[in-house]
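Participant: from the sequence below, what's the structure:
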Amino acid sequence: MFMHNKRLMYTVRVAQPDPALASLMLEQFGGPQGELAAAMRYFTQAIGEVDPGRKDLLYDIATEELSHLEIIGSIIAMLNQGPKAVLSEGMAEAEDMRNLTRNNNTSQTQQILYGGGPALVNSSGVPWSAAYVDSIGEPTADLRSNIAAEARAKIVYERLINVTDDPGIVDALTFLMTREVAHQKSFEKALYAIEPNFPPGKLPGDPAFTDRYYDMSQGDGDMQGPWNSGSQWESIANRNRQVAVDGGSGMPSVGLSELEQSAVQALAARTLSQPDSDPTTGADLGAGPGAGSTKGSVAR
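Facilitator: Residues are numbered from 1 along each chain as shown. Okay, here's the model as predicted:
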């Protein structure tokens, strides 16, 4: 059950309309790192959670994220309010309206399609997607994903703060950014309240491979650090030891029935290539300057 309080969680003060800035703010309204995505991620996790403590945490933060959505949405609405009224009342000519909303951004789309209100799109006008909710139903994985999501959202807020000098907007965005930090701490505590919490899930890793580091990209720039060297790791740079690491042939195989085997052989025979042939192709027939060597010609 939800109940709404008409007062915002944090006061929004916008100095003056700025539709171009409103377009950028949409990133945290309907974008992948935005407040709606966060609210839906935690809300759906809470519904399926069986641990009372984590369920309570997820419901609390999901509901707070909806409050944050209201804050960022209010910022967008205030930034659009003047131009919205001018356009709605037909008080500006086309050229005046373009100047009002500025060229080379999506603010015209906001005004014309969405009436200056906050649309469920990102700053490029891409519609919000449920694909932004990447929950998998395993708390040791989802909590790590939540921590990363809060970190990404903090970075977006940092960047939005850097593109405005409106003190009221900076103040509200700083609050939203700071709450991402607080949520990261809560999710970290919830993760480490599960013992053990690594590796995620129930099944253990194969001990033959859990401590191996395969040096797959070799050449200038090779480096060693705690991520690939020391007593914890067996670093393998030998190329021969990087293939067929299970001791097998390294070639895929499948068991087929007699009927399936016969069908595969028939398919292979029907589609057999002729490596000794040199057929004339459309490229040969239509070759012109710049085509390079083609059949019956010299390099062009």
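
Participant: now the terminal residues of stretch 14-25, how far apart.
Facilitator: Chord length of stretch 14-25, first to last residue, is 13 Å (C-alpha to C-alpha, to the nearest Å).

Participant: list the buried residues of it.
Facilitator: Val14, Pro17, Asp18, Pro19, Ala20, Leu21, Ala22, Ser23, Leu24, Met25 (16 or more other C-beta atoms under 10 Å). (C-beta placed from N, C-alpha, C; glycine too.)

Participant: cool, and stretch 36-52?
Facilitator: For stretch 36-52, a neighbour-count test (16+ other C-beta under 10 Å) marks Leu36, Ala37, Ala38, Ala39, Met40, Arg41, Tyr42, Phe43, Thr44, Gln45, Ala46, Glu49 as buried.

Participant: flag the shaky bits of the stretch 151-300 of the chain, pLDDT-wise.
Facilitator: Under the criterion pLDDT under 70, the flagged ranges of the stretch 151-300 of the chain are 297-300.

Participant: cutoff 80 now
Facilitator: 296-300 (pLDDT under 80).

Participant: need the strands for it, in chain order.
Facilitator: For the stretch 151-300 of the chain, strands defined by DSSP state E, counting those that start in this stretch occupy the ranges 212-214, 234-236.

Participant: what's the mean pLDDT across whichever helix in the chain runs longest?
Facilitator: Ranked by residue count, the top helix of the chain under DSSP state H comes out as helix 52-88. Throughout helix 52-88, pLDDT has a mean value of 89.

Participant: can you give me how far it is from the chain middle?
Facilitator: Distance of helix 52-88 from the chain centroid (C-alpha atoms, centre = their mean, to the nearest Å) equals 20 Å.

Participant: same check on stretch 126-138?
Facilitator: How far stretch 126-138 lies from its chain's middle: 9 Å, per C-alpha atoms, centre = their mean.

Participant: before we move on, what about stretch 241-259?
Facilitator: 35 Å.

Participant: show residues contacting it.
Facilitator: With contact meaning C-beta atoms under 8 Å, 6 or more residues apart in numbering, stretch 241-259 is reached by Phe209, Arg212, Tyr214, Met216, Ile236, Val264.

Participant: gap between the closest residue to the first one other than its chain neighbours and Tyr59?
Facilitator: Read it as Phe209. The shortest distance from Phe209 to any non-neighbouring residue, by C-beta to C-beta, 6 or more residues apart in numbering, is to Val245 (7.3 Å). Val245 sits 45 Å away from Tyr59, going by C-beta to C-beta, to the nearest Å.

Participant: same thing with Pro32?
Facilitator: 22 Å.

Participant: which of those two has more residues huddled nearby?
Facilitator: When Pro32 and Tyr59 are compared for neighbours, Pro32 comes out ahead with 19 against 16, by other C-beta atoms under 10 Å.

Participant: buried residues, stretch 136-155. List them.
Facilitator: With burial defined by 16+ other C-beta under 10 Å, the residues of stretch 136-155 counted as buried are Pro139, Ala141, Asp142, Leu143, Arg144, Ser145, Asn146, Ile147, Ala149, Glu150, Ala153, Lys154.

Participant: for those, which one is nearest Tyr132?
Facilitator: Minimum distance to Tyr132 across the buried residues of stretch 136-155 is 9.1 Å, recorded for Ala149 (C-beta to C-beta).

Participant: what does the host helix or strand of the closest one contact?
Facilitator: If you go by DSSP states H and E, Ala149 is part of helix 139-161. Residues outside helix 139-161 that contact it (C-beta under 8 Å, 6+ apart): 24-25, 27-28, 31, 33-35, 37-38, 41-42, 45, 49, 51, 54, 134-136, 170, 173-174, 176-177, 180-181, 183-184, 187-188, 190-191, 194, 197-198, 200-201.

Participant: perfect, that will be all.
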